[in-house]
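Colleague: Fold the following, please.
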Amino acid sequence: MPTLSHKIRLDPTEAQIVQFRKACGCARFAWNWALARWNEKYAAGEKCSGRSLDKEFNAIKGELYPWTYESPKNASAQPFRNLHAAFQRFFKKTAKYPKFKSKGKNHDSFYVQNDRLRINNKTCKLPLIGEVRMREELRLSGKIMSGVVSRTADQWYLSVTVEIDELPRTVKKTDKVVGIDLGLKETVVTNDGDIFKAPKPLKKYGKLLSRRSRQHSRKVKGSNNKYKSQMKLAKLHAKIANIRKDFTHKATSKLIDENQVIGLEDLNVAGMMKNHCLAKAISDVSWYEIRRQLEYKAKLYGREVRLAGRFFPSSKTCSKCGSVKKKLELSERVFKCGDCGYTIDRDLNAAINIKNTVGHTVINAWGESVPLDNSLNQEVQ
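Modeller: Take a look at the predicted model:
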């Protein structure tokens with residue numbers, strides 16, 4: 001059965017917040033200790049693993065670091081597994097080299113194993129911490145696999161991973177195929193003419209974010225004013241992120257509910273983000289997150305995501321006669337075919353072409369595409 005996570009906001013007491021911070025400190029210390037030892041062993045030519053470092057740490061923590069026993073055991077044990085996984089991703093060249101974590105600059109969190117986590121209605125019981133109130137009940141039914149307590153700004157959350165018995169909701173049967181075009185002006189445009197406009201919170205709150213960042217940089221390091229300024233800045237960042245998440249989840253859920261096959265372009269978002277003129281605008285509309293959510297939701301609900309080739313000229317191709325323009329400026333928001341004279345909105349034209357393309361391909365939901373007509377996916381010279 002698939003696993004899903006439900007992130008629930010907590011209402012801890014002041015004493016529980018202190019315990020949360022201690023546990024996060026233990027997790028951060030264990031990570032930094034393990035990374036330092038890994039670097040030492042690697043420099044000496046010795047083999048290393050998360051398990052061996054965990055055993056080494058357990059042998060000395062009672063004498064050198066007795067304060068780690070004041071926090072749940074998993075808080076200082078899980079970082080060794082996380083570091084091992086991080087190095088595995090680094091060796092496979094899917095992630096960068098692991099970095100040390102700094103207090104107040106990284107995401108504070110600690111892990112709770114499933115046999116030590118108890119959830120009853122709107123309360124959760126954590127080891128050494130006790131019962132903590134939750135803002136809502138767990139909405140997923142099934143076997144609880146693990147939990148992670150984390151902090152965003154001054155708010156604490158519990159993310160519960162559950163091996164679900166049944167899907168959280170049902171989707172209707174349909175054989176509809178839809179093509180979608182991702183853009184900056186209109187974030188999502190379908191071949192049916194439906195438009196999903198992103199709220200673009202970074203553009204809306206950009207000036208306020210810059211002002212609070214400048215104010216924060218001028219505070220005296222270590223002062224109470226510096227801490228309060230940090231919380232104000234973190235809350236604004238969290239607000240911007242939450243607005244984006246709300247839009248992407250609603251848009252992708254609607255697309256998954258109404259369509260069996262969703263076609264979109266295989267955009268190189270990471271490469272586009274290197275363009276300093278476009279990076280801010282692209283991050284504000286969450287192109288990568290839209291694709292990621294479509295892919296995992298499609299797998300969950302039995303839908304299919306198909307990708308048109310990365311160099312398929314969806315915007316330059318006439319959706320009526322199929323002729324391809326040699327040049328199309330970004331400022332041209334209306335597509336006019338030079339051969340047949342067909343006039344149509346640029347984004348709508350691209351969405352129609354994407355639908356027509358993915359309708360004639362054999363593509364799985366994870367981007368492995370095998371076009372039946374290879375000419376559709378060739379780069380236009």
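Colleague: shouldn't Pro2 be in contact with Lys297?
Modeller: No - contact criterion CB atoms under 8 Å: Pro2 and Lys297 do not qualify, at 11.0 Å. Where C-beta positions appear, they are placed from N, C-alpha and C, glycine not excepted.
Colleague: between those two, who's got more neighbours?
Modeller: Lys297 (20 against 11; other CB atoms under 10 Å).
Colleague: measure the more buried one to Ile290 for me?
Modeller: Distance, Lys297 to Ile290, by CB to CB, to the nearest Å: 11 Å.
Colleague: any common contacting residues for the two?
Modeller: Thr252 (CB atoms under 8 Å, 6 or more residues apart in numbering).
Colleague: just checking, Ser213 touches Leu233?
Modeller: Yes - the pair Ser213 and Leu233 passes the contact test of CB under 8 Å, sitting 6.4 Å apart.
Colleague: what residue ranges in this structure are flagged as low confidence?
Modeller: For the chain, applying pLDDT under 70 flags the ranges 106, 360-381.
Colleague: Residue nearest the middle of it, spatially speaking?
Modeller: Glu289 (6.1 Å; CA atoms, centre = their mean).
Colleague: Give me the nearest residue to it, chain neighbours excluded.
Modeller: Sequence neighbours aside, Thr248 is the residue nearest to Glu289 in space, at 5.1 Å (criterion: CB to CB, 6 or more residues apart in numbering).
Colleague: you'd agree that neighbour is in a strand?
Modeller: No - with DSSP: H, G, I helix; E, B strand; the rest coil as the criterion, Thr248 is helix rather than part of a strand.
Colleague: In the stretch 101-250 of the chain, mark out all the helices, start to finish.
Modeller: With helices called from DSSP state H, counting those that start in this stretch, the stretch 101-250 of the chain shows them at 201-204, 206-217, 224-258.
Colleague: Could you export those as JSON lines, including distance to Arg28?
Modeller: As requested, those are arranged in JSON lines below (distance: least, CB to CB, whole Å):
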{"stretch": "helix 201-204", "distance to Arg28": "28"}
{"stretch": "helix 206-217", "distance to Arg28": "22"}
{"stretch": "helix 224-258", "distance to Arg28": "17"}
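Colleague: who wins for proximity to Val18 among those helices?
Modeller: helix 224-258 (15.2 Å; CB to CB).
Colleague: packing partners for the closest one?
Modeller: Applying 3 or more CB pairs under 8 Å, 6 or more residues apart in numbering; DSSP states H and E, we find helix 224-258 packed against strand 177-182, strand 188-190, strand 195-196, helix 201-204, helix 206-217, helix 287-301.
Colleague: Beyond the longest one, next helix or strand please.
Modeller: Translated: helix 287-301. Counting by DSSP states H and E, the next helix or strand C-terminal to helix 287-301 is strand 304-308.
Colleague: Could you list the residues in contact with the helix or strand that that following strand is followed by?
Modeller: Note on strand 304-308: by DSSP H and E, the next helix or strand toward the C-terminus is strand 334-336. Contact with strand 334-336 is made by 315, 318, 328, 342-346, 349, as judged by CB under 8 Å, 6+ apart.
Colleague: and stretch 73-82, which residues are buried?
Modeller: By neighbour count on 16 or more other CB atoms under 10 Å, the buried set for stretch 73-82 is 73-80, 82.
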